[in-house]
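Visitor: Mind folding the following:
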Amino acid sequence: MCMNDRCHLREAQRRSALVIVAVLAALAISSTATGDEPSTTPQVTTINVAAIVIPPVPHLVARTVGESVLIEAELPPAVERQFLLVPTGDGQWTVVLATYDGTTLATYRYPLSLKNLPTPSPPSPQPNPTPTPPLSTLAKVALDAAMETVPAGGRLDEASRLAVAIESVLKRCEADYSGDDRLTDSAALRSAMPAATAKALGRDNDHWIVWAEKVAVEMDRLKGAGRLADLAAYREAYQQIIRGLKEVR
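Guide: The predicted model follows:
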């Protein structure tokens with residue numbers, strides 16, 4: 001059951017009360033002004049006072065929205081309102097609503113049980129994220145050869161520079177590449193790699209000679225198996241090498 005606290009009467013109600021007091025006071029003064037003895041006959045005066053109608057208690061609605069509880073009061077937009085939530089026990093709360101309509105400040109209290117709130121429908125199951133595909137044999141060779149043959153001191157930085165160099169060469173194979181050094185076949189692509197990687201590594205290129213030999217052996221194996229039949233297949237192969245280099249630690 002909601003409790004209703006009024007902070008003060010409306011101005012019109014207060015004036016009605018003052019009028020009642022004034023009339024009663026006038027009756028008392030007139031009865032003594034004549035100097036007559038008080039009459040034993042009761043003086044009966046009828047005063048018509050309009051009934052004070054208390055506005056209905058605002059209807060409160062509480063519902064769950066995800067993991068939150070949304071509380072709304074059905075009030076005119078012009079009425080200011082403030083909520084206060086007071087815990088009273090296990091899953092039990094009291095919602096205190098304060099309203100102000102420009103004249104009257106009122107407070108209302110509502111019991112709230114979280115156990116009685118409607119439970120939102122569980123979210124629909126989401127599809128499992130696409131798993132990261134495992135490293136291809138070429139990517140694994142690039143990773144393992146780097147971890148086994150390249151000195152650990154500058155390995156991470158050198159692998160990063162090497163990956164960037166290979167990517168820059170692959171861009172020369174793209175259809176929208178307009179440079180004079182565009183690569184249009186797999187032989188030209190493979191021939192361009194040693195110079196680009198050596199330039200990127202500089203004096204550290206010696207660290208990657210054995211690595212390059214191991215990767216070349218795997219490339220030749222794939223070519224013999226018919227896996228590197230055209231330029232697109234070579235581009236994919238070098239993308240796998242880049243992937244292996246980005247796993248280097």
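Visitor: where does the protein dip in pLDDT?
Guide: For the chain, the stretches flagged by pLDDT under 70 are 1-55, 66-67, 116-135.
Visitor: May I see the domains of this structure written out as residue ranges?
Guide: As given by automatic domain parsing, the domain ranges for the chain are 3-33+50-116, 137-246.
Visitor: Would you point to the one among those that's packed deepest?
Guide: Most buried of the domains of the chain by mean neighbour count (mean count of other C-beta atoms under 10 Å) is domain 137-246; its value is a mean of 16. Any C-beta I mention is one placed from the backbone N, CA and C, and that applies to glycine too.
Visitor: From start to finish, how long is that one in a straight line?
Guide: End-to-end distance of domain 137-246 (C-alpha to C-alpha, to the nearest Å): 15 Å.
Visitor: all strands for the protein, in order.
Guide: For the chain, the strands defined by DSSP state E cover 3-6, 60-65, 68-73, 80-89, 92-100, 105-113.
Visitor: Quick one: closest of those strands to residue 165.
Guide: Residue 165 sits nearest to strand 68-73 of all the strands of the chain, at 51.7 Å, using C-beta to C-beta.
Visitor: Just list what the closest one packs against, helices and strands only.
Guide: In terms of contacts (3 or more C-beta pairs under 8 Å, 6 or more residues apart in numbering; DSSP states H and E), strand 68-73 is packed against strand 60-65, strand 80-89, strand 92-100.
Visitor: same thing but at 7 Å, please
Guide: Counting contacts by 3 or more C-beta pairs under 7 Å, 6 or more residues apart in numbering; DSSP states H and E, strand 68-73 packs against strand 60-65.
Visitor: Given the strand it packs on, what are its sheet partners and their directions?
Guide: strand 68-73 (antiparallel) (DSSP bridges).
Visitor: I'd like the distance between residue 201 and residue 85.
Guide: Distance of residue 201 to residue 85, given as C-beta to C-beta, to the nearest Å: 64 Å.
Visitor: follow-up on the earlier one: which among the strands of the chain is found nearest to residue 209?
Guide: Each of these was scored for nearness to residue 209 using C-beta to C-beta, and the closest is strand 68-73 (61.4 Å).
Visitor: CA-only coordinates of stretch 84-97, as PDB, when you get a sec.
Guide: Only the C-alpha atoms of stretch 84-97 are listed here, as PDB (Å, rounded to 0.1, in the frame of the first residue of the first chain):
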ATOM      1  CA  LEU A  84      15.300   7.300  -4.400                       C
ATOM      2  CA  LEU A  85      15.700   3.600  -4.000                       C
ATOM      3  CA  VAL A  86      16.100   2.300  -0.400                       C
ATOM      4  CA  PRO A  87      17.100  -1.300   0.200                       C
ATOM      5  CA  THR A  88      14.900  -3.000   2.900                       C
ATOM      6  CA  GLY A  89      15.900  -6.600   2.700                       C
ATOM      7  CA  ASP A  90      16.900  -9.500   0.500                       C
ATOM      8  CA  GLY A  91      15.600  -8.400  -2.900                       C
ATOM      9  CA  GLN A  92      13.200  -5.900  -1.300                       C
ATOM     10  CA  TRP A  93      13.300  -2.200  -1.900                       C
ATOM     11  CA  THR A  94      11.300   0.900  -1.200                       C
ATOM     12  CA  VAL A  95      11.000   3.400  -4.100                       C
ATOM     13  CA  VAL A  96      10.600   7.000  -2.800                       C
ATOM     14  CA  LEU A  97       9.100   9.300  -5.400                       C
END
